[in-house]
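> generate coordinates for the sequence data below:
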Amino acid sequence: MTDRLLSGSSRLDAILGGGLPANAIHLLAGPPGSGKTILAEQYAFTNATVQRPAVYLSTVSEPLDKLVRFGQTLEFFDLASIGQRVFYESLGEDLEEGGLQQTLERLRVLLRERHPGILIIDSFKARAAYAVTRRDFRSFLFELAADTSAVAGSSFWLGEYDLDTISGEPEAAVADTILGLGSRRSGERSSRVLEVVKLRGSNYLSGQHSYRIGAAGLNVFPRLADTVDASNYDLGDQRVSTGIEALDEMLTNGYWPGSSTLCAGPSGIGKTLMGLHFIVAGAVAGEHGIIASLQENPTQLTRVAQAFGWSLDDSVTIMYRSPVDVYVDEWIYELLDAIDRLGAKRVLIDSLTDVLFASGDEIRFREYMYSMIQRCSRTGVSLFMTTELPDLFAVNRLSEYGVSHLSDNVLMLQYIRNESTIRRAITALKTRASSNDPRVREFRIGPDGITIDGADGQ
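Numbering: from 1, shown residues only. Model prediction:
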């Protein structure tokens, strides 16, 4: 055993400041079906050895054969380890026959025989019902804690505790760690969340962290809310082309590397097309690009590109997710992983309107975008984001929740009505650390994509 108990999930370990403290008592609290059993087994199979095995003790919860049968569907579950370094035992009969005292005696026998490095008791909360008085239950808790501490092992107590009232439970005072598993609902959407309620003597990431339960166990997505990093970083001074020559001129030779650009406009104005110009220009220059689309699927995007003579080849990766079924925390970590894995230098997010809709929380949305923009900037990744405006002609507001303030460049697309015709126009409202041409310029969408009127040579 080490000073830290690893979960098998690097992201969960990061939330816990490098892992759970070893040789401590950890309380896993949450409603039925929240993943307490799976998480406990994850720790068991990750850390158990023949010399210091894991012992999983079932009380009056699930039968042992059911635990093993469902456990075999998990990737980390090693059937050959059962009876060698992972043991399943039942305390139900002892609890029914002799209450807490007989259970404690049986536990002492198991501790002497197995000398476990990990001891899991499921369900722990059910034991309180077998105490004659609340004082008896407290005595049982402190005796159990003393016995497990004597063998220098880690204990996991699982129970259907209510996180709003758990602080009043005697188990909470004894436990070194309390991890709450539950769900968060926003409208018709429901997502699983993990929260560190208590972690004695350790730093940890605060707030609610989303997770999914899959074949690999708990896949956790730490709350993306980066703090300020005041260290300097060099992005170079070579400008990044927008993919549209006239727009490069309007922005004084294009974007700065690592900058973020917000392109706002009403439906059908050409926001996605402007983003494709940016991605395709990067591919031509040998830069890998990612299109993170919550709007058009790969077939639709490929068809649009081909209409203008462009090829979305291997240098462009399309990451499409449905806006009505996307798990934003999972999506944003997939995007960050893809940027790192592919060495991408250009990213198109289409669109922020859908990210906000899927977030279900304005504060979380702003945290997502601040963190994403900062991470891209520090790694030299140029980010192009689209957002839809509700007004077709007169623009009364640009973007909500501060995204325009976070962005280095802001492009506004709008329709202009003139008698019986409707035309398109673009304005470079903002370019950070650079001069720009703020005039309203008409543009057209033709066989070569977007062409802007009134620029030099046009």
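> who's in contact with the top helix by length along the chain?
If each helix of the chain is counted by residues according to DSSP state H, the longest one is helix 92-114. By CB atoms under 8 Å, 6 or more residues apart in numbering, the list of residues contacting helix 92-114 from outside reads 53, 55, 57-60, 87, 89, 91, 116, 119, 127, 130-132, 136-137, 140, 143-144, 147-148, 150-151, 153. Any C-beta I mention is one placed from the backbone N, CA and C, and that applies to glycine too.
> for residue 88, give me its contacts.
Contacts of residue 88 (CB under 8 Å, 6+ apart): 56, 58, 64, 67-68, 82.
> and if we set it to 10 Å?
Shown in contact with residue 88 (CB atoms under 10 Å, 6 or more residues apart in numbering): 41, 44, 54-58, 64-65, 67-68, 71, 82, 120.
> farthest-separated two in those?
Using CB to CB, the two most remote members of the contacts of residue 88 are 54 and 65, lying 18.1 Å apart.
> among these two, which residue is more densely surrounded?
Each of residue 54 and residue 65 has its neighbours counted (other CB atoms under 10 Å); residue 54 has more, 27 against 9.
> pLDDT score for the more buried one?
Per-residue pLDDT puts residue 54 at 96.
> ramachandran coordinates for it?
phi -100, psi 140 (degrees, to the nearest 10).
> so it touches residue 78, yeah?
No - under the criterion of CB atoms under 10 Å, residue 54 is not in contact with residue 78, lying 11.4 Å apart.
> any residues in contact with both of the two?
Shared contacts of residue 54 and residue 78, defined by CB under 10 Å, 6+ apart, comprise 45, 48, 85-86.
> out of those residues, name the ones that lie in strands.
With DSSP state E as the criterion, strands contain residue 86 from among those.
> tell me which two in the shared contacts of residue 54 and residue 78 are the farthest apart.
Going by CB to CB, the pair spanning those furthest: 45 and 85, at 8.5 Å.
> between those two, which contacts overlap?
54, 78, 118.
> distance-wise, check residue 341 relative to residue 132.
According to CB to CB, to the nearest Å, residue 341 and residue 132 sit 59 Å apart.
> now swap in residue 437 and tell me
83 Å.
> same thing with residue 197?
For residue 197 relative to residue 132 (CB to CB), the value is 29 Å.
> what is the mean pLDDT for stretch 88-106?
Mean predicted lDDT for stretch 88-106 stands at 88.
> please save the CA atoms from that stretch in CSV.
Output of stretch 88-106 as CSV, limited to C-alpha atoms (Å, rounded to 0.1, in the frame of the first residue of the first chain):
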residue,chain,number,x,y,z
TYR,A,88,-16.5,-11.7,-1.1
GLU,A,89,-18.1,-12.5,2.3
SER,A,90,-21.6,-12.1,3.8
LEU,A,91,-22.3,-10.7,7.2
GLY,A,92,-26.1,-10.9,6.9
GLU,A,93,-26.5,-14.0,9.0
ASP,A,94,-24.3,-12.7,11.8
LEU,A,95,-26.2,-9.4,11.8
GLU,A,96,-29.6,-11.1,12.0
GLU,A,97,-28.5,-13.6,14.7
GLY,A,98,-26.4,-11.6,17.0
GLY,A,99,-26.7,-8.0,16.0
LEU,A,100,-23.8,-5.6,16.0
GLN,A,101,-21.7,-7.4,18.6
GLN,A,102,-21.6,-10.7,16.7
THR,A,103,-20.9,-8.8,13.5
LEU,A,104,-18.0,-7.1,15.2
GLU,A,105,-16.6,-10.4,16.4
ARG,A,106,-16.8,-11.9,12.9
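> tell me the helix or strand right after the longest helix of the chain.
strand 118-122 (DSSP states H and E).
> neighbour-wise, which of the shared contacts of residue 54 and residue 78 leads?
residue 86 (24 neighbours).
> so it makes contact with residue 67?
No - the criterion here is CB under 10 Å, and residue 86 misses it with residue 67 at 11.0 Å.
> report the buried residues of the worst-scoring helix or strand of the chain on mean pLDDT.
For the chain, using mean pLDDT, DSSP states H and E, the weakest element among its helices and strands is helix 64-71, scoring a mean of 78. Within helix 64-71, the residues that qualify as buried are 67-68, 71, counting by 16 or more other CB atoms under 10 Å.
> how much does that helix deviate in direction from strand 118-122?
For helix 64-71 against strand 118-122, the angle by axes from the mean of the first three to the mean of the last three CA atoms, to 10 degrees is 110 degrees.
> now for helix 64-71, which elements pack on it?
Packing partners of helix 64-71 (3 or more CB pairs under 10 Å, 6 or more residues apart in numbering; DSSP states H and E): helix 36-47, strand 54-58, strand 86-90.
> mind giving me the domain ranges of the protein?
If you go by automatic domain parsing, the domain ranges for the chain are 4-221, 245-452.
> among the ones you listed, which is nearest residue 229?
Nearest of the domains of the chain (CB to CB): domain 245-452, 7.1 Å.
> between residue 86 and residue 67, which contacts overlap?
Common neighbours of residue 86 and residue 67 (CB under 10 Å, 6+ apart) are 41, 56.
> pretty sure residue 354 belongs to a strand, no?
No - Residue 354: not assigned to a strand; according to DSSP: H, G, I helix; E, B strand; the rest coil it is helix.
> any stretches of the chain with poor pLDDT?
Scanning the chain for pLDDT under 70 picks out 1-2, 60-63, 187, 395-402, 455-458.
> coming back round to it: hmm, who's touching the least confident helix or strand of the chain?
Contacts of helix 64-71 (CB under 10 Å, 6+ apart): 37-38, 41, 44-45, 56-58, 61-63, 77-79, 82, 86, 88-90, 92, 122.
> hmm, which of those are the buried ones?
37-38, 41, 44-45, 56-58, 61, 77, 82, 86, 88, 90, 92, 122.
> show me the contacts for the residue lying closest to residue 294 once chain neighbours are set aside.
Leaving aside its sequence neighbours, residue 294 sits nearest to residue 354 (CB to CB, 6 or more residues apart in numbering; 3.8 Å). Residues in contact with residue 354 (CB under 10 Å, 6+ apart) are 293-295, 321-324, 326, 328, 386-388.
> in JSON lines: the shared contacts of residue 45 and residue 85, plus distance to residue 19.
Output for the shared contacts of residue 45 and residue 85, formatted as JSON lines (distance: CB to CB, whole Å):
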{"residue": "54", "distance to residue 19": "16"}
{"residue": "78", "distance to residue 19": "21"}
{"residue": "118", "distance to residue 19": "13"}
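> nearest to residue 358 among those residues?
residue 78 (36.7 Å).
> OK, contacts around the closest one?
45, 48, 71-72, 84-86.
> swap in 7 Å and give it another go.
residue 45 (CB atoms under 7 Å, 6 or more residues apart in numbering).
> how close does residue 169 sit to residue 177?
Residue 169 is 14 Å from residue 177, by CB to CB.
> neighbour-wise, which of these two wins?
residue 177 (24 against 20).
> surely that one is in contact with residue 195?
No - look at residue 177 against residue 195 with CB atoms under 7 Å: they stay out of range, at 11.9 Å.
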